[in-house]
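> coords please:
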Amino acid sequence: MSEIAIIEAFSRMPDRRRKQGTRHSLQLCLALFTLGVTAGNQGFLALGDWLKS
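As a prediction, this is how the structure comes out:
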């Protein structure tokens with residue numbers, strides 16, 4: 001498997017964000033948020049702490 005399956009699952013979603021300020025790909029952000037919520041984190045602060053660890 002050359003790609004991570006969860007990122008591939010979000011690959012067909014159109015990115016409707018403005019190009020200004022888009023630092024990370026939409027697929028990566030959605031995959032990380034999904035994994036963080038699945039791990040039991042609730043809220044942006046908890047997700048941020050989880051991503052840092």
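> Quick check: phi and psi at the nearest residue to Arg17 once chain neighbours are set aside.
Of all residues not flanking Arg17 in the chain, Leu26 sits nearest, at 6.9 Å (CB to CB, 6 or more residues apart in numbering). C-betas here are computed from N, CA, C, even on glycine. Backbone torsions of Leu26, given as degrees, to the nearest 10, read phi -60, psi -40.
> My read is that Leu26 contacts Lys19, right?
No - here Leu26 lies out of contact with Lys19, judged by CB atoms under 8 Å, at a distance of 12.0 Å.
> re the thing from before, which residues touch the residue nearest to Arg17?
Contacts of Leu26 were listed using CB atoms under 8 Å, 6 or more residues apart in numbering, and they are Phe10, Met13, Asp15, Arg17.
> let's see 10 Å
Taking CB atoms under 10 Å, 6 or more residues apart in numbering, we find Leu26 in contact with Phe10, Ser11, Met13, Pro14, Asp15, Arg16, Arg17.
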